[in-house]
Each structure stands twice: as structure tokens, then as C-alpha cells.
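**Student:** Got a predicted model here, sequence first, then my questions.
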Amino acid sequence: MSDRMDDRLKQSASRAKAAWNSRPPVLTLASPTGKLPPQARELESAVLGALMLEKDALTTVIDILKPQSFYDDKHQRIFKAILNLFDKSEPIDILTVNQELREMGELEAAGGTHYVANLTFKVNSAANIEYHARIITENAIKRELIRIASDIHRDAFEDTTDVFNLLDQTEQSLFEVSESNIRKNFDDMRSLMGKAIKELEEKKNQKDGLTGVPSGFSALDRVTSGWQPSDLVIIAARPGMGKTAFVVSAMRNAAVDHKKPVAIFSLEMSSIQLVNRLISAEAELDSEKIKKGNLADYEWAQLNHKISSLSSAPIFIDDTPALSIRELRTKCRRLKAHHDIQMIIIDYLQLMTGNADGGKGAGNREQEIASISRALKGIAKELNVPVLALSQLSRSVETRGGDKKPQLSDLRESGSIEQDADMVVFLYRPEYYKITEDEMGNPTQGMGEVIIAKHRNGSLETVQLKFIGRFTKFADLDGGGFGGDDFNTGAFPASTFDDDASSFAPNTIRLGSRINNDTPPPQAFPRSNFGNEDPPF
């Protein structure tokens, strides 16, 4: 009797164990709150089925979906196979997808031929495939945000975590989610034409002819109509030509005279050194005196009187050394969001690093500079502001004979700088090379040239400016901007330059353009009044 009872107990236990092993799988909770990750498996099946039913369906969703957009691992593998077929220009259907999965060695991992075939029963047509794909992407974005939040939660509890690195990583992660999932759609011609006409009407109402951020140099602004939004402008020269002096003068003109918020990232000079340059130029006091503090009483009065407008100017200076592209992008976004900056200046490009840790990248320096220039162009487009990046020229300029004027081939370390830039501007001072007269016999003392060597949306011209070394600043030749009585403003008569004096400034040499030879010059506008205030004594 006892043996029979034991047998029954064993049989009962065996049946219970078999029932337990054959139970439906229990879904694992994704978080302590008991919620599952956002997902839409039925829609994933429907989208994959539609892709195998209609040959043109993939072109509708290829910009929306990525393999990682799918929650189900099997669906990720199937979508990768579909993308492979698309890349090889092969037809997409049940048979070809199965064959591609077989060649990839992932047919069994994708559920087998039966599972792939059953996907086509989930949907009748691809009519709503775009709507379904957007729901799948939305769920993928939510999952990615949950992952980022979990990482932040974990790292924030770690004592060894650097809080500022964590902030930077968080901001970068969120930006990558937005950048990789939210793409700009095409615009139709009707909407684009409306925007273009609206912009033309706005430009018509601007009497000064400026459509961008003004440089404050009259002749230069006539050629460029100001620094244009989304443009990458490379300002290149050999050391000692006054690159920093030029951009600091342009920055001051935009911020003080035109109230345009400007950000400058000074990798070469400290913030105080940069401010001292601004003070010297604004108060027209010798830079050596500013450096040493040897100012007479009347010079102190002059300084206090003239820098009042400078103190309230919307200028933002960052002197972080070895700034990386990631840090630059992060800081520029913040400045745009909080202060609506209208122009970004980098001094100078070769001092930047391509990666966040400030070390050397895996590639060579030329590849790193190429990635930096591409990123700068991306920042200009993303924030819709002009980016002025200073750049060094190679020593080949010094070994060349003649007047040693720079050329595009002299751009240092990467030809991609020339390709990515919308404008390439060279600064040249013949006086630096002991050239006392130009080809027309005019004296070159205190004269600087702004050579526009590449202009994607305008003409190529050379603009003459006044360089005042003791104040480390540039100004218009006619004295309309800066003061300084040590320069002969009559050194460049109008007859020296273009015969069409009614269209171009007397201190502009027109070289012509390969892009828009027939485009008339912009309307003239008033000169800058930088430094015209009467002295207080």
C-alpha cells in the first residue's frame, strides 16, 4: 500500500514539473515600477511584412527606421537583411530576405523561414507604413531615453564621477538621440518660394544693404553684405599679420555698434589679454601702456569715458585651452539658447582637438583638422550663425618670392578647410615683408589687405584696410571707423583701383567671381562710427 502511494506521489510530482516547464514565459519586468519598455511588436511585424509585399515601401521609411529602432531582436535581423538587399539593388520579398538571412548566417536567429513568411500575413498593404514606422521610432526614442536616464542615475551615485563630465556626457547623449532620429524632411517648391520671397521683402526694407552680421568695415561689408548666417568663414594668415586684431575689431563693431551678441573662443590668449586688446582699441591707448599700466591721469579719464559702451556689450569670451569639438558644440548651443548669439569666433582652429579627452585621435593630424572643419560647418548650419575660424598658413608663403601674398594652397594641414569653408579670407600686410610701395607706387605703411580668395555666394575681391599696430586694431581707410592720425588716408586715390567708382568703394580692388559675375554689388551703406567720440579733454 505504501509503495503504491509513493508511486502516485512521484507521478503527481512529475506531472506538476512537466506543467511548470510547459507554462507560458513570464515577461521580465524592465524596471522596479513593473513597466515594460515602450514597444510596438505588432506594428514592427506589419512594417516588415509590408516591406516584403511592396517594392517601393522601403524608400518611404528608410530615413525613419534603423535596425535598432525595432524592439524584437528577430525583427532587427530581418530589417538588416532588407537593408542589405536594398544596398545591392536586389528585389525584396520573402524568398530574397530568407536567402539573405541564410547568407548572413542569421536565418535561425531571425525565427526561420516560417516566421519570416508569416510576417506578410500581418498586413494587407503598405498604405500606412510611414505612420507605423513613426510609432516604432517614437518607442525606440523612449527606450533610448530610459537607458540614458538609467546611466545617469547609476553614475550620479558613484563617488568617483566627475559631475561636469557627467553633464557633458548627458547633453551629448541627448543630442545624439535627437540628431540620429529626427531628420529634416524635404521642402516642396511652393513653401520654399514663399520663404524666399519673404526674405527678399525683409532685405528690401534694410536700407544699409546688410543681410548678415556686419563686420564694421564699410568696403568689406559692401562685398559680403555682412557675415552670413550658416557660413563657415576661414580667416587665415601668417603669424604677425593681425588675425586676432582683425576678428577682435570685427567682434567689437558687431557687438557695440550693432548690438549683436557674439561669442569668442580664445584658445591662444587668455580672457584678460583679449579684454586688454579691446580696451586698447576702444580707448585708443598704446597697447604697451595698457600692458604695463603706465597711464597718465588724462589717459585714465579717456579710458573710463570710452569703455563704458564696451562694458555693456553682449560679448562672451571663453578661453578654455585645447577645446574639443564636443565641448565647443555644447557651449555654443547653450549660448544660443540663453543669449541668442549671432556670431561665433574661434581663435584659432589648429589649437582645437577633435575628441573630448583632448588627446590625439586615432588618425593623423590632417584627418583631425578635416573633422574639425566639418564640425564647425555643422555648428554654423545647426545654429544658423556665421562661424569665423582663424587658421594658420604654412611656411611655404615665406619661401615664395615676390610679394608673398597667400594662396589657397597655403592653408595649413588640411585641404578640407578650403572645401568646407563658404569664405576663405587672407590677411596680408606688405609692410611686414619690408615692402614699402605697392605695384602702383602707393606707400604701404599701416596698410592691410583683406583678400577674399573663396566666396561661395559672392565675388572675389581685395579690400584695403588701415592697420594701427599700437592699438592692435583694423579700421576703414577713410577714417570713418577708427581714429589714429598717424596714417595717410590719402595714400590710395580712387583712380588706383576699379574705374567703376560709383559701384565699389575706393579702397576695394574687384577681382571678379567665378560664381556670379553678373550680380550687381550690394547697395552702399553708412560707415561705422567706431572711435569717433570726442576726447574728454
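**Tutor:** All right, it came through fine.

**Student:** Tell me which strands the host helix or strand of I452 pairs with, and in which orientation.
**Tutor:** Per DSSP states H and E: I452 is located in strand 447-455. Strand 447-455 has the following sheet partners, assigned by DSSP bridges: strand 423-428 (antiparallel), strand 461-468 (antiparallel).

**Student:** Tell me which of the ones you listed lies nearest to A453.
**Tutor:** A453 lies closest, by C-beta to C-beta, to one member of the strands paired with strand 447-455: strand 423-428, at 4.8 Å. From N, CA and C alone the C-beta is placed, and that goes for glycine too.

**Student:** how about low-confidence regions in the stretch 1-150 of the chain?
**Tutor:** 1-34 (pLDDT under 70).

**Student:** switch to 50 and redo it
**Tutor:** When residues are selected by pLDDT under 50, those of the stretch 1-150 of the chain lie in 20, 23-31.

**Student:** what about the helices in it?
**Tutor:** For the stretch 1-150 of the chain, the helices defined by DSSP state H, counting those that start in this stretch occupy 2-21, 41-53, 57-61, 73-87, 94-104, 112-119, 129-156.

**Student:** tell me the most buried of those?
**Tutor:** helix 41-53 (a mean of 23; mean count of other C-beta atoms under 10 Å).

**Student:** If I average pLDDT within each of the strands paired with strand 447-455, which one is lowest?
**Tutor:** Within these, confidence is poorest for strand 461-468, with a mean of 82 (mean pLDDT).

**Student:** how far does that one sit from the chain's center?
**Tutor:** 28 Å (C-alpha atoms, centre = their mean, to the nearest Å).

**Student:** give me the number of residues near the nearest residue to S309 once chain neighbours are set aside?
**Tutor:** The shortest distance from S309 to any non-neighbouring residue, by C-beta to C-beta, 6 or more residues apart in numbering, is to V256 (5.3 Å). Number of residues near V256 (other C-beta atoms under 10 Å) recorded here: 21.

**Student:** give me every residue that touches V256.
**Tutor:** V256 sits next to E282, S309, L310, A313, F530 when contact means C-beta atoms under 8 Å, 6 or more residues apart in numbering.

**Student:** pLDDT of the helix or strand where I272 lies, averaged?
**Tutor:** If you go by DSSP H and E, I272 is part of helix 271-283. Helix 271-283 carries an average pLDDT of 81.

**Student:** which outside residues touch that helix?
**Tutor:** Under the criterion C-beta under 8 Å, 6+ apart, residues 244-245, 248-249, 252, 256, 264, 266, 269, 285-287, 290-291, 299, 302-303, 305-307, 309-310, 315, 317-319, 471-473, 482, 531 lie in contact with helix 271-283.

**Student:** between it and strand 461-468, what angle do the directions make?
**Tutor:** Interaxial angle, helix 271-283 versus strand 461-468 (axes from the mean of the first three to the mean of the last three C-alpha atoms, to 10 degrees): 90 degrees.

**Student:** in helix 271-283, what counts as buried?
**Tutor:** Residues L274, V275, N276, R277, L278, I279, S280, A281, E282, A283 are the ones in helix 271-283 that count as buried (16 or more other C-beta atoms under 10 Å).

**Student:** thinking G212 is in contact with P386, fair?
**Tutor:** Yes. G212 is in contact with P386 according to C-beta atoms under 8 Å; the separation is 6.4 Å.

**Student:** So for those two, which residue has more residues nearby?
**Tutor:** For the pair G212 and P386, the greater number of neighbours falls to P386 (25 against 20), based on other C-beta under 10 Å.

**Student:** how far away is the more buried one from D318?
**Tutor:** 17 Å (C-beta to C-beta, to the nearest Å).

**Student:** Would you mind measuring from E158 to N165?
**Tutor:** 11 Å.

**Student:** Which of these two has more residues huddled nearby?
**Tutor:** N165 (12 against 9).
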